[in-house]
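Novice: return atomic coordinates for the entry below.
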Amino acid sequence: MKRRIIIPLFILVGLSAILLIMGIFYLYTEAEKVQRSIFVNEVLAAGNEVIDRIDATIKNDSTTLIAMDSDEVVQDDIDMNEVVSMQQTRKFLIDSVSNQPVGVIKTTIYFQENNSRVIANDTEYFTAAFRRLFPLYNEPWNPENKQIGISNTFNIRDINLIQLDSTTTALLNAKTLHQFIKEALEDENIDSRFDFALYNAFTTNFVVEPQSTKPKDILNSEFIFLLKYNEKVSSPHYLIIYFPTVRGIILQRMSNIIILILVFFVITFVIAFTALYSLYRQKKTSDVTNDFINNVTHEFKTPIATISLACEVLSDPTMLEDKDIRASYVEIINDENNRLKDMVTTVLETAQLRKGQIKMNVELVDMHELIQKVTDSFALLINSSNGSLTVALNADRHQLFGDRTHLTNTITNLIENGIKYSTDSPEILVNTLSDEKHFIISVSDKGIGIPQKSIAKIFDNFYRVPHGNIHNVKGYGLGLGYVKKIIQLHHGRIEVQSAEGKGSTFTIYLPLKS
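Specialist: Predicted coordinates:
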């Protein structure tokens, strides 16, 4: 595929993946907003339920009922020596015209030894300045509102009168409020850790302190509920519910959606990566194939040109008279023709290997005998290059079942590479060893070596290690791919160790068979 097509496709796939991921992220944020809205509504419903229970609890206070059903006496007439215990309560004295508190009726219940109860009432009125402040419930509470500090301008007596009495405070204790809130939240299917407080916005004091949260944090909670106004609650009191991990609660509720989104994200990423990687591989394959075609063309040109030249010479009638010259040119044509045939055979065998169509003629092979024949065939070439080819046949067990022809080609290919990639006189070492399971053969050279980044690619078809001008060394990148495939067909493996400028060692492990 051409570069001008691959690059736009690469960009298109990348942009599509980014847009899809952005769409998934947008859906997630919208789903989180919906879940947050649902959660807030559930907490508000639970909070209102708690406020109703608190109002009912205050109105049904048994101390107030006792005070209403008992006879009233003057406090000075009570014999304190007969008193076992006492309770105090109070309610606001409401002006029938303005419907606003003008004072407080303080009630004390004395429990005596004979199980009798004595009630003493005392009425106290607010100062005129304090009465002008009402109604106190005229504005929603804001923790930063300047009105919060308004209590500092009035005397302590008025402030004490407007606070919750001790009986109501005891009634709305932390344990009771916790139970109310927990049950209300459970009714809304909320089972999460929470904290709470009961706050007097007029005096800026906590009636019930938060259990584990800092006052500053709990005052900034988004879940704040105003207690209902009644004859015992005249100043603004707020029930505050605080969730330390609201986002965690929402994410927990969205666990199924999050898992689904993650699955879509992974699928999108895998598809995008696969598509981009396929395009990249296609481009690399295209480049390597073009290099292969160029290399094959370069290799084919020489024998074709030689044959053409020889045919031209033989077509000259004067050359036909000299039988020796004619025979030499015929031999050249025959050699170059065989060379072309070998090239075509190599390419076809590689194609068959890739398709898994190659046939293996398995027989018992003496590897030492085979290696000796292969190395002997290189003696003339090594001597002409002033090089050396050392053979060390050290394996104790050297017979195995395999294809003689392909094993011969494999070892030939490795030795040829050692000679081709040696800059000076080649120094080749062929060594054999054996263990309980394998026949081991290694072919070492002291040539130019292979860069570390290229070692993983040298067994790919058509790949040739770049060393400047690639045509300095003949070949078309099929040899090592063929070698690895043949070794795999023999159920063996091949390893390579190399360092640039120091040479390479190829080690083959072939299984021994009885």
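
Novice: the lengthiest helix in the chain packs against which elements?
Specialist: For the chain, the helix that runs over the most residues, judged by DSSP state H, is helix 255-314. For helix 255-314, the packing partners by 3 or more C-beta pairs under 8 Å, 6 or more residues apart in numbering; DSSP states H and E come out as helix 3-59, helix 323-355. Bear in mind the C-beta positions are built from the backbone N, C-alpha and C, glycine included.

Novice: what's the burial count for the residue nearest to residue 17 when sequence neighbours are not counted?
Specialist: Of all residues not flanking residue 17 in the chain, residue 272 sits nearest, at 3.4 Å (C-beta to C-beta, 6 or more residues apart in numbering). Other residues lying near residue 272 total 17 when counted by other C-beta atoms under 10 Å.

Novice: distance of residue 272 from residue 262?
Specialist: Separation of residue 272 from residue 262 (C-beta to C-beta, to the nearest Å): 15 Å.

Novice: over to residue 25?
Specialist: 12 Å.

Novice: cool, residue 191 as well?
Specialist: Taken as C-beta to C-beta, the span from residue 191 to residue 262 is 24 Å.

Novice: any regions of the stretch 201-350 of the chain where pLDDT drops low?
Specialist: Counting by pLDDT under 70, the stretch 201-350 of the chain shows low-confidence ranges at 231, 234, 287-289, 291-292, 294-296, 298-299, 302, 319-320, 346, 349-350.

Novice: ok, now with 50
Specialist: Across the stretch 201-350 of the chain, nothing is flagged by pLDDT under 50.

Novice: do the same with the stretch 401-514 of the chain
Specialist: 468-477, 514.

Novice: can you map out the helices along it?
Specialist: Listed in chain order, the helices of the stretch 401-514 of the chain (DSSP state H, counting those that start in this stretch) span 404-420, 452-455, 479-489.

Novice: do you know which of these lies nearest residue 498?
Specialist: helix 452-455 (6.2 Å; C-beta to C-beta).

Novice: hmm, back to that, tell me which of the helices and strands packed on helix 255-314 sits nearest to residue 169.
Specialist: helix 3-59 (10.9 Å).

Novice: ok, residue 387 - contacts?
Specialist: 419, 422, 425, 426, 427, 428 (C-beta atoms under 8 Å, 6 or more residues apart in numbering).

Novice: picking that back up, my read: the residue nearest to residue 17 touches residue 16, true?
Specialist: Yes. Counting by C-beta atoms under 8 Å, residue 272 does reach residue 16; the two are 7.4 Å apart.

Novice: number of nearby residues for residue 511?
Specialist: Neighbours around residue 511, by other C-beta under 10 Å: 14.

Novice: spatially nearest residue to it (excluding sequence neighbours)?
Specialist: Here the residue nearest residue 511, using C-beta to C-beta, 6+ apart, is residue 491, at 5.4 Å.

Novice: contact partners for residue 216?
Specialist: With C-beta under 8 Å, 6+ apart, residue 216 has no contacts at all.

Novice: tell me if it really is in a helix.
Specialist: Yes. Residue 216: assigned to a helix according to DSSP: H, G, I helix; E, B strand; the rest coil.

Novice: now it: how far from residue 242?
Specialist: Counting by C-beta to C-beta - residue 216 and residue 242 are separated by 11 Å.

Novice: try residue 459
Specialist: When residue 459 is compared with residue 242 (using C-beta to C-beta), they lie 65 Å apart.

Novice: do the same with residue 97
Specialist: Look at residue 97 and residue 242: by C-beta to C-beta, they are 41 Å apart.

Novice: so those two - more neighbours on which side?
Specialist: Comparing residue 97 with residue 242 by other C-beta under 10 Å, the one with more neighbours is residue 242, at 23 against 7.
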